[in-house]
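>>> Here you go, sequence then predicted model.
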Amino acid sequence: MTGQVRNVIIIGSGPAGYTAGLYNARAMLNPLMFGGYMSGGQLMLTSDVENFPGYPEGIGGPEMMMQLRQQAERFGLEVQDRNVEKIDASSRPFKVWSEGEEFQAHSLIICTGAEAIWLGVEGEAEQKGRGISTCATCDGAFFRDQEIIVIGGGDSAMEEATFLTRFASKVTLIHRRDVFKASQVMYDRAANHPKIEIKTFRSVTKWLSDDSGLTGAILEDPRDGSTEEIAVTGAFIAIGHKPITSFLEGQLETDDEGYLVHKELTMTSVPGIFAAGDVVDTRYRQAITAAGLGCQAAIDAERWLEDTQH
């Protein structure tokens, strides 16, 4: 075990984690962050961020994360690019294990985010962020006057398809069944839109591309295995997200989907443990809202430490 008990350990990076680290470092709390092996979060998969205030020309996702990290480190945030295997939230100071090493802290801020669920089919890895996206709000504007597809059958798929009609010339909604999880009002809004075509009993089995990026997809009918090719330059996968909370082993209260629950301000069900970003946010999932929650969690942790240590 490392001898020092930290005031704050931040688990996870991305906009929420780095903002929390920035605030806690400036408050002289000497925070330690475990950023993960893939530090930087979902924005590391985003080529251009155009909707974060302060970047009139836009900025690359990885570049933006590097700038946030450098800013926090300038004020004293210590970042270790490794994962956390487990924590012990049963007593204070809290215990955190990373690569078999034990660390202790008076408070924790969980910023591990949520992973978009991908299809995992042939050609997908190469086109992530180069035509295939999981966030219409983030990337829709890059597909003006283009034909695109949305995959999914829930409210988020309907919402993304409808939103994308602002930019795309045509949106084809692909769903593997003819029964939809989406609410009736959301389904009707998409089904009645003149720019949206809904194709049921279809699933993507392969993405097609050339040097310019995505060019289309092979669709299969699960009923008989027949296939067809669809030509598109953009695709949005909207089959859900899964929060990264398994390492907590049920010690903090979550909702049915596994997202952490705020009990008081940004505090979780365990006093002294806070949560920010997409690990708790099922609605907005934007860089700016994650950063805002990171700020709130850092201030809440700082005030909680003041109240409990005096």
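Noted; the coordinates are in hand. Because the structure is predicted, anything quoted here is derived from the model rather than measured. Numbers count the residues shown, from 1 in each chain.
>>> low pLDDT regions in the stretch 1-150 of the chain?
1-3, 47 (pLDDT under 70).
>>> mind running it again at 80?
Low-confidence segments of the stretch 1-150 of the chain, defined by pLDDT under 80, are located at 1-3, 38, 45-47.
>>> Show me where it has its helices.
Counting by DSSP state H, counting those that start in this stretch, the stretch 1-150 of the chain has helices at residues 14-26, 61-74, 124-127, 136-139.
>>> what's the spacing between the most centrally placed residue in the chain and Cys135?
Of all residues in the chain, the one closest to the mean position by Cα atoms, centre = their mean is Ala114, 4.4 Å from it. Using Cβ to Cβ, to the nearest Å, Ala114 is found at 12 Å from Cys135. Placement of C-beta: from N, CA and C, glycine included.
>>> Need the residues touching each of the two.
Counting by Cβ atoms under 8 Å, 6 or more residues apart in numbering, the shared contacts of Ala114 and Cys135 are Arg285.
>>> from the chain's centre, how far out does the one helix or strand Ala157 maps to sit?
In the assignment (DSSP states H and E), Ala157 maps to helix 155-164. Averaging C-alpha coordinates over helix 155-164 and over its chain gives two centres that are 17 Å apart (Cα atoms, centre = their mean, to the nearest Å).
>>> For the helix or strand just after that helix, give me every contacting residue.
For helix 155-164, the following helix or strand on the C-terminal side (DSSP H and E) is strand 170-174. The contact list for strand 170-174, computed with Cβ under 8 Å, 6+ apart, reads 147-152, 157-158, 161, 164-165, 190, 193, 195-199, 202-204, 219, 230, 232.
>>> repeat that for 7 Å
Contact with strand 170-174 is made by 147-151, 157, 161, 164-165, 190, 195-199, 202, 204, 219, 230, as judged by Cβ atoms under 7 Å, 6 or more residues apart in numbering.
>>> Starting from that strand, tell me which strands it pairs with and how they run.
Partners of strand 170-174 in the sheet, by DSSP bridges, are strand 147-151 (parallel), strand 196-199 (parallel).
>>> Now it - C-alpha only, PDB.
Presented in PDB, the C-alpha positions along strand 170-174 are these (Å, rounded to 0.1, in the frame of the first residue of the first chain):
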ATOM      1  CA  LYS A 170     -32.100  10.900 -46.500                       C
ATOM      2  CA  VAL A 171     -32.100   8.800 -43.300                       C
ATOM      3  CA  THR A 172     -32.700   5.100 -43.500                       C
ATOM      4  CA  LEU A 173     -33.500   3.500 -40.100                       C
ATOM      5  CA  ILE A 174     -32.400  -0.100 -39.900                       C
END
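>>> taking the mean pLDDT, what do you get for that strand?
In this model, strand 170-174 has an average pLDDT of 98.
>>> need the next SSE after it, C-terminal direction.
Counting by DSSP H and E, what follows strand 170-174 is helix 184-191.
>>> List buried residues within the contacts of strand 170-174.
147-151, 157, 161, 164-165, 190, 195-196, 198, 202, 204, 219, 230 (16 or more other Cβ atoms under 10 Å).
>>> Now do the buried residues in stretch 239-258.
So, applying 16+ other Cβ under 10 Å, buried residues of stretch 239-258: 239-241, 243-245, 247-248, 251-252, 254, 258.
>>> ok, back up a step: JSON lines please, covering the strands paired with strand 170-174 and showing distance to Lys263.
Formatted as JSON lines, those follow (distance: least, Cβ to Cβ, whole Å):
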{"stretch": "strand 147-151", "distance to Lys263": "35"}
{"stretch": "strand 196-199", "distance to Lys263": "40"}
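>>> Of all these, which one is nearest Lys86?
Evaluated with Cβ to Cβ, the strands paired with strand 170-174 place strand 147-151 nearest to Lys86, the distance being 34.2 Å.
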